[in-house]
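Undergrad: please work out how this folds:
(one chain, ligands or ions: 1)
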Amino acid sequence: MRRLLAVTTIVSLFSFSLFAGDDKEKDPDQIGNRDVGKGLNWYSMDKEIALGKQLAQQVERNAKIIDDPVIAEYVNRVGQNLVRNSDAKVPFTIKVIDTEDVNAFALPGGFFFVNSGLILKADTEAELAGVMAHEIAHVACRHGTRQATRGQVMQLATIPLIFMGGWAGYGAYQAASVMLPITFLQFSKAFETEADMLGLQYMYKTGYDPEAFVDFFEKIESLEKKKPGTISKVFSTHPPTDDRIVTSQKNIQEYLKAKPEYVVTTSEFNDVKARLAMMHNKKKIDQKDDGRPKLRRAPGSGTDGGSGSSGSDDDRPTLKRNPSSGSSSSGSSGGNNN
Ligand SMILES: [Zn+2]
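TA: Below is the predicted model:
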């Protein structure tokens, strides 16, 4: 009996010391006063930044970066505000990629890309900030290079090859969202859990309602169930699962003392979303025009369809009616004159 007591004492002492370290990471008041990036890492900070910069250049060569100053400035400002309220020790470069994939990814060293699709799927600025804060946490924790250090010794040497080879076979948009070296973006469950927890703290400290992170997760989860493929491949390597939602809710209740007021959204967010939606709609109409059988357009309505938006609106229902009206086979193949 006495021996058993001794054993439990040792165990509880041990676990206490473990939790003592954890507590500092769970306390949002400690943001900036702790080293969340510590851990086995072969990369010096300089090397990490150089690596991230090199990867970022690859992304920028192959993706379409949105240069609309209103959108770019806004997303950068939201991000930098979160970075200032985080444990990150590197300066961040934040850019928006023009693609509908719902995703955001931060490369080692603070090179951060936000897809326009993510902004469009978010209903509030706080939802966008939640995902961005999660990515900032990955960088603050140096998850990319720590993961590379951990287990991928052999793969590390071949990363540039995988990377270069991957780009060649794909179109620009696909390349940007799919062909990043997965080592630096696909994290262990423990790293995801850590980034979830710290991301909540960063958005909370910045003034956002941390519940927005959970809301967005739930929304994406239900979207993905309704329409699989909503989430890009990279995002699906750390999907919004039920246990991440439950853990996040628990972290909010236990460690983030409710504030009287939170930022939920801003009119700027709505403006930026509207701007992006306009860009995407225009792109969609252009793509539809391109794919349309040339035969159908010839009579006259099609020639001025590109100039006026009302004209292209009128075109759309006509196109949908085509298959059921009987002449579907000639319509879809387009080139058949007989
Ligand atoms: Zn993550």
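
Undergrad: run through the protein and note the low-pLDDT ranges.
TA: Regions of the chain meeting the criterion pLDDT under 70 cover residues 1-22, 151-186, 229-240, 287-338.

Undergrad: separation between Ala212 and the ion?
TA: 17 Å (C-beta to the ion, to the nearest Å). Every residue, glycine included, has its C-beta placed from N, CA and C.

Undergrad: surely that residue meets Phe269?
TA: No. Taking contacts as C-beta atoms under 8 Å, Ala212 lies outside contact range of Phe269: 11.6 Å.

Undergrad: residues that sit against both of those two, list them.
TA: Shared contacts of Ala212 and Phe269 (C-beta atoms under 8 Å, 6 or more residues apart in numbering): Thr124.

Undergrad: helices or strands up against the one helix or strand Glu127 maps to?
TA: Applying DSSP states H and E as the criterion places Glu127 in helix 125-140. Applying 3 or more C-beta pairs under 8 Å, 6 or more residues apart in numbering; DSSP states H and E, we find helix 125-140 packed against helix 69-84, strand 104-107, strand 111-115, helix 116-121, helix 189-206, helix 211-226, helix 267-291.

Undergrad: just checking, His280 touches Asn115?
TA: No. Between His280 and Asn115 there is no contact under C-beta under 8 Å: 11.4 Å.

Undergrad: any part of whichever helix or strand comes after the helix holding Glu127 near the ion?
TA: Using DSSP H and E, the helix or strand that follows helix 125-140 towards the C-terminus is helix 143-151. No. Applying C-beta under 5 Å from the ion, one finds helix 143-151 separated from the ion by no less than 7.9 Å.

Undergrad: sorry, back to before: and His280 and Asn115? Which one has more around it.
TA: Shown here are His280 and Asn115; by other C-beta atoms under 10 Å, Asn115 has more neighbours (25 against 16).

Undergrad: just list whatever residues bridge to that one.
TA: Beta bridges link Asn115 to Ile97, judged by DSSP bridges.

Undergrad: my guess is it meets Ala122, correct?
TA: No. The criterion here is C-beta under 8 Å, and Asn115 misses it with Ala122 at 11.0 Å.

Undergrad: follow-up on the earlier one: out of the helices and strands packed on helix 125-140, the one nearest Glu60 is which?
TA: Closest to Glu60 of these is strand 111-115 (C-beta to C-beta; 8.7 Å).

Undergrad: which strands and helices lie in contact with that closest one?
TA: With contacts taken as 3+ C-beta pairs under 8 Å, 6+ apart, strand 111-115 sits against helix 45-62, helix 69-84, strand 93-97, strand 104-107, helix 125-140.

Undergrad: anything in contact with each of His280 and Asn115?
TA: Shared contacts of His280 and Asn115, defined by C-beta under 8 Å, 6+ apart, are found at Glu100.

Undergrad: so Val283 versus Ser116, what's the distance?
TA: Careful, residue 283 is Lys and not Val. Note on Lys283: its distance to Ser116, by C-beta to C-beta, to the nearest Å, is 10 Å.

Undergrad: so for the two, which sits in the more crowded spot?
TA: Remark: of Lys283 and Ser116, Ser116 carries more neighbours, 26 against 12, as counted by other C-beta under 10 Å.

Undergrad: surely the more buried one touches Leu276?
TA: Yes. When contacts are counted by C-beta under 8 Å, Ser116 is listed as touching Leu276 (5.0 Å).

Undergrad: common neighbours of those two, please.
TA: Taking C-beta under 8 Å, 6+ apart as the contact rule, the neighbours common to Ser116 and Leu276 are 66, 71.

Undergrad: and the gap between Glu48 and Ile31?
TA: Applying C-beta to C-beta to Glu48 and Ile31 gives a distance of 21 Å.

Undergrad: make CSV from the helices and strands packed on strand 111-115 and add distance to the ion and mean neighbour count to it.
TA: Output for the helices and strands packed on strand 111-115, formatted as CSV (distance: least, C-beta to the ion, whole Å; neighbours: other C-beta atoms under 10 Å):
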stretch, distance to the ion, mean neighbour count
helix 45-62, 16, 17
helix 69-84, 15, 18
strand 93-97, 17, 22
strand 104-107, 9, 26
helix 125-140, 6, 27
